[in-house]
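Engineer: Could you look at this predicted model? Sequence included:
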Protein chains: 4
Amino acid sequence: MQEKNSDLHGSAPDNASIALLLVDVVNDFEFEGGEALLRHALPVAEHIAELKERCSREGIPAIYVNDNFGKWQSDFKKLVAHCLDDGTRGEKVVELLKPDEDDYFVLKPKHSGFFSTTLDLLLEHLGARTLILAGWTGDICVLFTAGDAFMRDYRLIIPADCIASQDETENESALKFMERVLEADIRTSAQLEFHETHIRKKFATRR
Amino acid sequence: MQEKNSDLHGSAPDNASIALLLVDVVNDFEFEGGEALLRHALPVAEHIAELKERCSREGIPAIYVNDNFGKWQSDFKKLVAHCLDDGTRGEKVVELLKPDEDDYFVLKPKHSGFFSTTLDLLLEHLGARTLILAGWTGDICVLFTAGDAFMRDYRLIIPADCIASQDETENESALKFMERVLEADIRTSAQLEFHETHIRKKFATRR
Amino acid sequence: MQEKNSDLHGSAPDNASIALLLVDVVNDFEFEGGEALLRHALPVAEHIAELKERCSREGIPAIYVNDNFGKWQSDFKKLVAHCLDDGTRGEKVVELLKPDEDDYFVLKPKHSGFFSTTLDLLLEHLGARTLILAGWTGDICVLFTAGDAFMRDYRLIIPADCIASQDETENESALKFMERVLEADIRTSAQLEFHETHIRKKFATRR
Amino acid sequence: MQEKNSDLHGSAPDNASIALLLVDVVNDFEFEGGEALLRHALPVAEHIAELKERCSREGIPAIYVNDNFGKWQSDFKKLVAHCLDDGTRGEKVVELLKPDEDDYFVLKPKHSGFFSTTLDLLLEHLGARTLILAGWTGDICVLFTAGDAFMRDYRLIIPADCIASQDETENESALKFMERVLEADIRTSAQLEFHETHIRKKFATRR
């Protein structure tokens, strides 16, 4: 096709200095250790659902950054439907966190949401420099995604009550690592004040 | 989620030393110059449809590498439906080239199919080292994708009758460039012998 | 080492909205076709040398984006010394274009200066959104680098008298392609007015 | 320059299924916390020096993956000279670990050796699928590099006595994370048997 003008490629995405990344929340939990994770993830899903709604009211877009589970031919909506309709362990969680029509999604083939995906370009188009991360598992995919975000100079907010891992000690340890090394703000979602965040972002221009 | 084992991420994709990349074929042609391109693209679409069928018989997977048209929230199936159902200029072309259930697709935000997408990783998973390129426009998105493929050491087959551009002279000139610089085999699809290609591929291991 | 603070990684690079990329200018021309290229490159090298000096006066940094010639263990200064001291065909050209102490350099393993290098990050650190390209060959490495720059939304200035290729017709054809598709300003270096460029750059913020 | 043939770009790098990555070992330790790190790093440097020598005898190439310390205009040899000649804290360590003529080096601008560098392509050229990691700090740059290596399906060997961090508890915790999540072999260098590793590598083809 003809695309002399690079603007044709960009059209008009949202403009948002902050974005909410939902990591692997669409999940059937049908794997070894899935039950253990689900125990932690279900209450966390309620916090994330609230956080997502608050973000929506503040004009902060939600981006589902989700494992493709090796299903290269699949698409995200099919994955959502599978979790909801096939009687999977993940039904309740996905019911709470299912995407809305205007949410974004990025299928990731590996642990980090930035690896071999279009996430960085999407965030650049949005103008986002601060990322709120939520999802699971805190000690693997959230951690990998946060590390990659830090290297790309994003500011990180990772509310302690919005991530879950199979093992609580590992979750806690990952959280502390992200606070210490990645300079993440790990206060709980209830303590999160967007007003303050909006002020902060002024200092968070991309270098 | 828990993913200690990297194999969980890979599951079992096809195994194929050759892949067919269909560049921007799903297209509504509703842009300035779209009519001019359509005139060239429609007969080409018939060649591509035949080529795709032949590939399918040979076990060569088809990957739709398609512009997302700046619609970051959209998905590929919606795009196909739009082209077919909304009375667009592209209806006939997309009718000929619409994806089958087991085809792959990669939405590209920019001209090259490799830029900020998971295409390279998908091809690595498939084991593909030779790429057959088809689609439009020959002098822009096909060219950019071919250049990126060449830098990644893929062998290129770009049948002269399977690409189209708005301007025929530019199409011809792009084709010659891809033959001269990118070492592409540009014989027409009718001349393409997969047997020979299969033999060749033995020398096309990734360095 | 400890690097909690990402600023430690950045230190204080220059700040420049425009950068001059010198593509493959450090070259011994000791390859098949090297003599043919040299014939075109030598007069062009004089234009590039002048352009570089003008850029220097305007505070526009020069970045050598140079082939590593498969010498992964080598470094750029060794390459410069080789061209100058070993009686190579490239001696005169490299004498004209040898790097100054405060020039930047990026060794590229493949055709495009952006592929598998740190160039994009360096340009981001500099704040550069407009690139002046010069060097050779116009129809291969300059073209690949320009295409990748275009996809990353850089504005391009490619003075017609500052690139060279083995074949003049191919050089001309590449130049026209870069003007038509990549929207490059291809006026000669004498016609280039930095004042105008500085004004333009205001519209060239990264999306 | 002319480079129709991609082989010109590759020349003949070593061929090695295993590579030794030395992370940030060339370091002046002249930063806040540098003294604390040095205390742990000095004895570790002796283990790494022995490991490097053993690797050399086995034909395993060493790749210095080193911070550029925000000095984009600098080069690796200058960095080595600075550490050795300017009376820096790092003198003893760098004396032990200074590069040999045929070692490789990759300057990294950020924490992970893979981010915005040519490391992945270099490893592909070498044919390396197993990486031995050594250096500092274990809980930051080694960890980031290891995580990125894991996502790219490299096998990891990270000898427990060959990494150091400012804080020993964090070092230990990072080591356990790399064993648990990244499936790294963390036995000490004395326990490392290359014979066994060589056998293993047969199963470590890419993907």
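Structural biologist: Good, I have the coordinates. Numbering: from 1, shown residues only, chains lettered A, B, ... in the order given.

Engineer: What's the mean pLDDT across stretch A:155-168?
Structural biologist: Per-residue pLDDT over stretch A:155-168 has a mean of 98.

Engineer: what's the answer for stretch A:51-60, then?
Structural biologist: 96.

Engineer: residues of it that come out buried?
Structural biologist: Within stretch A:51-60, the residues that qualify as buried are A:Leu51, A:Lys52, A:Cys55, A:Ile60, counting by 16 or more other C-beta atoms under 10 Å in any protein chain shown. The C-beta positions use only the backbone N, C-alpha and C, and glycine is treated the same way.

Engineer: Please compute how far that stretch lies from its chain's middle.
Structural biologist: 13 Å (C-alpha atoms, centre = their mean, to the nearest Å).

Engineer: Please apply the same query to stretch A:19-39.
Structural biologist: 12 Å.

Engineer: Equivalent analysis for stretch A:90-104, please.
Structural biologist: Taking mean C-alpha positions (C-alpha atoms, centre = their mean), stretch A:90-104 and its chain are 12 Å apart.

Engineer: which outside residues touch that stretch?
Structural biologist: For stretch A:90-104, contacts defined as C-beta atoms under 8 Å, 6 or more residues apart in numbering or on different chains pick out A:22, A:25-30, A:38, A:41-42, A:45-46, A:48-49, A:52, A:56, A:61-64, A:76, A:80, A:83-84, A:105, A:122, B:72-73.

Engineer: Between the two ends of it, how far is it?
Structural biologist: 21 Å (C-alpha to C-alpha, to the nearest Å).

Engineer: buried stuff in that stretch?
Structural biologist: Buried residues in stretch A:90-104 (16+ other C-beta under 10 Å): A:Gly90, A:Lys92, A:Val93, A:Val94, A:Leu96, A:Leu97, A:Lys98, A:Pro99, A:Asp103, A:Tyr104.

Engineer: in chain A, which ranges drop under the pLDDT threshold?
Structural biologist: Across chain A, the ranges flagged by pLDDT under 70 are A:1-14, A:195-207.

Engineer: Strands of that one, residue ranges please.
Structural biologist: A:18-23, A:62-67, A:104-108, A:130-136, A:155-157, A:163-164 (DSSP state E).

Engineer: any bit of the longest helix belonging to chain A sitting next to chain B?
Structural biologist: Identified as the longest helix of chain A according to DSSP state H is helix A:34-57. Yes. Counting by C-beta under 8 Å from any C-beta of the partner chain, chain B is contacted by helix A:34-57 at A:Gly34, A:Leu37.

Engineer: which strands and helices sit next to that helix?
Structural biologist: On a contact count with 3 or more C-beta pairs under 8 Å, 6 or more residues apart in numbering or on different chains; DSSP states H and E, helix A:34-57 meets strand A:18-23, strand A:62-67, helix A:91-97, strand A:130-136, strand A:163-164.

Engineer: Most tightly packed of these?
Structural biologist: strand A:163-164 (a mean of 28; mean count of other C-beta atoms under 10 Å in any protein chain shown).

Engineer: From C:Arg155, how far out is A:Leu107?
Structural biologist: 32 Å (C-beta to C-beta, to the nearest Å).

Engineer: ugh, wrong one, A:Val106
Structural biologist: Taken as C-beta to C-beta, the span from A:Val106 to C:Arg155 is 28 Å.

Engineer: Distance-wise, check the closest residue to A:Asn15 other than its chain neighbours relative to A:Ala16.
Structural biologist: Counting by C-beta to C-beta, 6 or more residues apart in numbering or on different chains, A:Asn15 lies nearest to A:Gly127, which is 5.4 Å off, once chain neighbours are set aside. As judged by C-beta to C-beta, A:Gly127 and A:Ala16 stand 6 Å apart.

Engineer: Isn't A:Ala174 up against A:Cys141?
Structural biologist: No. Judged on C-beta atoms under 8 Å, A:Ala174 makes no contact with A:Cys141 at a distance of 10.6 Å.

Engineer: who has more neighbours, these two?
Structural biologist: Neighbour comparison, A:Ala174 and A:Cys141: the larger count goes to A:Cys141, with 27 against 23 (by other C-beta atoms under 10 Å in any protein chain shown).

Engineer: Give the bridge partners for A:Tyr104, please.
Structural biologist: A:Ile63 (DSSP bridges).

Engineer: I'd like the distance between it and A:Leu20.
Structural biologist: For A:Tyr104 relative to A:Leu20 (C-beta to C-beta), the value is 10 Å.

Engineer: I'd like to know how many residues surround the residue nearest to A:Leu37 when sequence neighbours are not counted.
Structural biologist: Leaving aside its sequence neighbours, A:Leu37 sits nearest to A:Gln166 (C-beta to C-beta, 6+ apart; 4.7 Å). With neighbours defined by other C-beta under 10 Å, the count for A:Gln166 comes to 24.

Engineer: Just the CA atoms of stretch A:109-121, as PDB, please.
Structural biologist: Written as PDB, here are the backbone C-alpha positions of stretch A:109-121 (Å, rounded to 0.1, in the frame of the first residue of the first chain):
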ATOM      1  CA  PRO A 109       5.900 -14.200  23.200                       C
ATOM      2  CA  LYS A 110       8.200 -14.200  26.200                       C
ATOM      3  CA  HIS A 111       8.500 -13.000  29.800                       C
ATOM      4  CA  SER A 112       9.000  -9.300  29.300                       C
ATOM      5  CA  GLY A 113       6.300  -7.300  27.600                       C
ATOM      6  CA  PHE A 114       9.000  -5.300  25.700                       C
ATOM      7  CA  PHE A 115      10.700  -8.300  24.200                       C
ATOM      8  CA  SER A 116       9.900  -8.800  20.500                       C
ATOM      9  CA  THR A 117       6.700  -6.800  20.700                       C
ATOM     10  CA  THR A 118       5.500  -3.400  19.700                       C
ATOM     11  CA  LEU A 119       4.900  -2.200  23.300                       C
ATOM     12  CA  ASP A 120       7.700   0.400  23.300                       C
ATOM     13  CA  LEU A 121       6.500   2.000  20.100                       C
END
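
Engineer: quick one: that stretch to chain centroid distance?
Structural biologist: Per C-alpha atoms, centre = their mean, the centroid offset for stretch A:109-121 relative to its chain is 11 Å.

Engineer: Check whether that stretch comes near chain C.
Structural biologist: No. Shown here: stretch A:109-121 not in contact with chain C (C-beta under 8 Å from any C-beta), separated by at least 9.3 Å.

Engineer: is any part of that stretch close to chain D?
Structural biologist: Yes. Using C-beta under 8 Å from any C-beta, stretch A:109-121 reaches chain D at A:Lys110, A:His111, A:Ser112, A:Phe115.

Engineer: Keep only these that also lie close to chain B.
Structural biologist: Near chain B, by the rule C-beta under 8 Å from any C-beta, you find A:Lys110, A:His111 out of the residues of stretch A:109-121 next to chain D.

Engineer: What about the residues of stretch A:109-121 next to chain D, which are in helices?
Structural biologist: Per DSSP H, the subset of these in helices is empty.

Engineer: In the residues of stretch A:109-121 next to chain D, which residue is surrounded by the most others?
Structural biologist: Top of the residues of stretch A:109-121 next to chain D by neighbour count (other C-beta under 10 Å): A:His111, with 29 neighbours.

Engineer: quick one: that one and A:Ala146 touch, right?
Structural biologist: No. Applying C-beta under 8 Å, one finds A:His111 not in contact with A:Ala146, separated by 11.0 Å.

Engineer: For the closest residue to A:Asp185 other than its chain neighbours, list each beta-bridge partner.
Structural biologist: Leaving aside its sequence neighbours, A:Asp185 sits nearest to A:Ile157 (C-beta to C-beta, 6+ apart; 4.7 Å). On DSSP bridges, the residues paired with A:Ile157 through beta bridges are A:Ile132, A:Asp185.
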